[in-house]
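1. what's the 3D shape of this:
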Amino acid sequence: MTDIIDIKDLMSSFIDNVTSYDIYVLNFKNGGRDLRDNAMTVLGTLTYLKAQYSGQNCEGIKLIGISMGGVIGRYALAVAEENNVNHYCSEFISCDSPQRGAVINYDFQSVINDCANNDEITSSTDKFLVMNASLNSTAAKQLLRNNYLDSPSNDEYITGGYTFRKFFSEINCEIINPDHPTLPKVNDSPSNPKNKPGFAYKYNNIKNFAISNGKVERSGNLGNEPYLVEWDAGNSDYDVSPKPYDTQSGSTLGLLNAEYQNAYWIFGIWQVDFDAPSYDPVFVPTKSSLYLSTPNNPISDLTNYNDLVIPSGQNVNTYLSTHSKFDEVVIQPSNKYEHAYVSTTTVNAILNWINNPKYNNTGFISGTITGNSYGNVKIETFLGVQLLNTVYSNAQGQYEIPYPFINSANLIVKFTKNNCYEDYKNISVAYNPASGSLSYTPMNVSINQISLGSIHVNTDPAVSAFRTIQDAINYVQIQCSPTEQKTFNVIVTK
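-> I've put the predicted structure just below:
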């Protein structure tokens, strides 16, 4: 069904809201080939893009995978790290991608196949031939849990079909390879404290995010319709009954798209009675798009088709994130959407993740402030005159400064607090492309309160003081009042 998805339409609402990034769209020449092959195309593209910005200050790449692209992207990044290859990504965002597989009513797939082999129908339209060819592609067999055209063919939504298991057993811990049950997962490093098989987690402090086009409540056959479709073509009847998995939390296939709402559903075929489907079945379950994976929990159980249950008083996205393989997830707040749709919620989530320094970084410059006033110190980081970010120290004086680049850079860091001596530090951050990690010499920072009876001026950067007499005079002038007399002692040392 991929021919109805226009990548430009999908991205347009997002692109309109982004002006500070260069945006590249990768559209596969053959989207139906093995997902592994297209994953290598993604890695080649990432390396190419990094080379285009050689010698420039460049933030970590934000890889956004839409639909199948999210599965390909996750596989690509995990394979890169498995082989110690830098992908240069600091964020990966999966948009309604079937990370645990997609589903299409098994009998509906059978009808598509039958229609594709019915001369009366194919003489009027080639659409069923196109759809059937799409379902028969390697990618569709890998992505659909119950592909009718896979071999052997069974309605195996719960366990997953043969080709599905062959692929997903490489990146999903709960899937067992049908031929090699002990096959290790991609990028599985048990000794690494961040170990997350099937995901990227080693390079550039990468964060993994996911968005679902579904909502907490179920979608699909909510009216308990007796048939998904009732079609007649000559002497052939094509009646498709509902399946339990048609109705659950998740995005829908798009069978009731307004484009198809005419007297005869499929592109005005008058010879055949193709009424519109009676409901729009779920295509990517929320359990899949958000990779909900807590064992023995209904929220992750593929056999549970009820609404997702969120404990009272808990934030929906926060709760779902705790049950997801992803670092953070977002679900649609009220409306469910077709799979091939980008909502305002989706766009806002992406913008938050790529613009917030909490996420938009390849690592942190950390340290602890000393002195007599080290808590809640304002810390501003500059690249030349450009302000990169602002953070504050905690009550113990500890701080973490986000570093956004996939290259080395010299920064200026300014530490300020009311009625305290300011401190400026120059710091050189070295980025190691071989490991995607940062190194630097820790800064020695001391923040102390200014005593009006003993105001210090000292050019030594290791001493808490004003650096020039003029700075001290400016501070004194601020403290003065026309109606109040004060005495100040200014102590000048080298």
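2. For stretch 45-54, buried residues please.
-> By neighbour count on 16 or more other CB atoms under 10 Å, the buried set for stretch 45-54 is 46, 49-50. In short, each C-beta sits where N, CA and C put it, glycine included.
3. Among those, which lie within helices?
-> 46, 49-50 (DSSP state H).
4. now the strand or helix carrying Val347, how far from the centre of its chain.
-> Assigned by DSSP states H and E, Val347 falls within helix 344-355. Taking CA atoms, centre = their mean, to the nearest Å, one finds helix 344-355 lying 10 Å from the centre of the chain it belongs to.
5. pLDDT on that helix, on average?
-> Average pLDDT, helix 344-355: 92.
6. now swap in stretch 291-310 and tell me
-> Stretch 291-310 comes out at a mean pLDDT of 94.
7. Then stretch 93-104?
-> Over the span of stretch 93-104, the pLDDT mean works out to 97.
8. now do the same end-to-end measure for it.
-> Criterion CA to CA, to the nearest Å; first-to-last residue distance in stretch 93-104 is 24 Å.
9. Report how many residues lie close to Asn192.
-> If you count neighbours by other CB atoms under 10 Å, Asn192 ends up with 11.
10. Looking at it now. What's its pLDDT?
-> Asn192 carries a pLDDT score of 96 in this model.
11. do Ile206 as well
-> Predicted confidence (pLDDT) for Ile206: 98.
12. do the same with Ile491
-> For Ile491, the predicted pLDDT is 86.
13. Return the closest of the buried residues of stretch 45-54 with respect to Val329.
-> Leu46 (23.5 Å; CB to CB).
14. What sits closest to that closest one if chain neighbours are left out?
-> Spatially, and ignoring its direct neighbours in sequence, Leu46 is nearest to His87 (5.3 Å; CB to CB, 6 or more residues apart in numbering).
15. all strands in the stretch 101-250 of the chain, in order from the N-terminus.
-> With strands called from DSSP state E, counting those that start in this stretch, the stretch 101-250 of the chain shows them at 207-211, 229-233, 236-240, 250-252.
16. CSV for the ones you listed, including distance to Glu120?
-> Conversion of those to CSV gives the following (distance: least, CB to CB, whole Å):
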stretch, distance to Glu120
strand 207-211, 42
strand 229-233, 6
strand 236-240, 8
strand 250-252, 29
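17. winner for burial among those?
-> Among those, ranked by average contacts under mean count of other CB atoms under 10 Å, first place goes to strand 250-252 (a mean of 29).
18. and after that one, which helix or strand comes next?
-> Downstream of strand 250-252 (by DSSP H and E), the next one is strand 282-285.
19. in its sheet, what does that next one sit against?
-> Each strand paired with strand 282-285, and its direction, by DSSP bridges: strand 250-252 (antiparallel).
20. tell me the SS of Asn389?
-> The three-state label for Asn389, taken from DSSP: H, G, I helix; E, B strand; the rest coil, comes out as strand.
21. Run the chain-centre distance for stretch 348-364.
-> 11 Å.
22. rewinding a little: so which of the buried residues of stretch 45-54 would you say is closest to Asp246?
-> Distances from Asp246 to these, taken by CB to CB, are shortest for Leu46, at 37.2 Å.
23. My read is that that closest one contacts Leu63, right?
-> Yes: contact criterion CB atoms under 8 Å: Leu46 and Leu63 qualify, at 7.2 Å.
24. quick one: common contacting residues for those two?
-> By the contact definition CB atoms under 8 Å, 6 or more residues apart in numbering, Leu46 and Leu63 are jointly contacted by 87, 89.
25. Could you list the low-pLDDT ranges of the chain?
-> The model of the chain has pLDDT under 70 over residues 1-19, 234, 257-275.
26. Look up how far Pro197 lies from Lys207.
-> According to CB to CB, to the nearest Å, Lys207 and Pro197 sit 17 Å apart.
27. can you count the residues close to Ser343?
-> With other CB under 10 Å as criterion, Ser343 counts 17.
28. now do Ser20
-> Neighbours around Ser20, by other CB under 10 Å: 7.
29. Specify the local secondary structure of it.
-> With three-state DSSP as the basis, Ser20 sits in coil.
30. Quote the end-to-end distance of stretch 25-37.
-> End to end - CA to CA - stretch 25-37 spans 18 Å.
31. So which residues make contact with it?
-> 2, 7-8, 11, 38, 41-42, 45, 68-69, 71-72, 75, 133-134, 137-140, 142-143, 167.
32. For ChimeraX, write the select line for the buried members of those residues.
-> To isolate the buried members of those in ChimeraX, using 16+ other CB under 10 Å:
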select :2,7,11,38,41,42,68,69,71,72,75,134,137,138,139,140,142,143,167
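33. so how far is Ile104 from Val391?
-> 47 Å.
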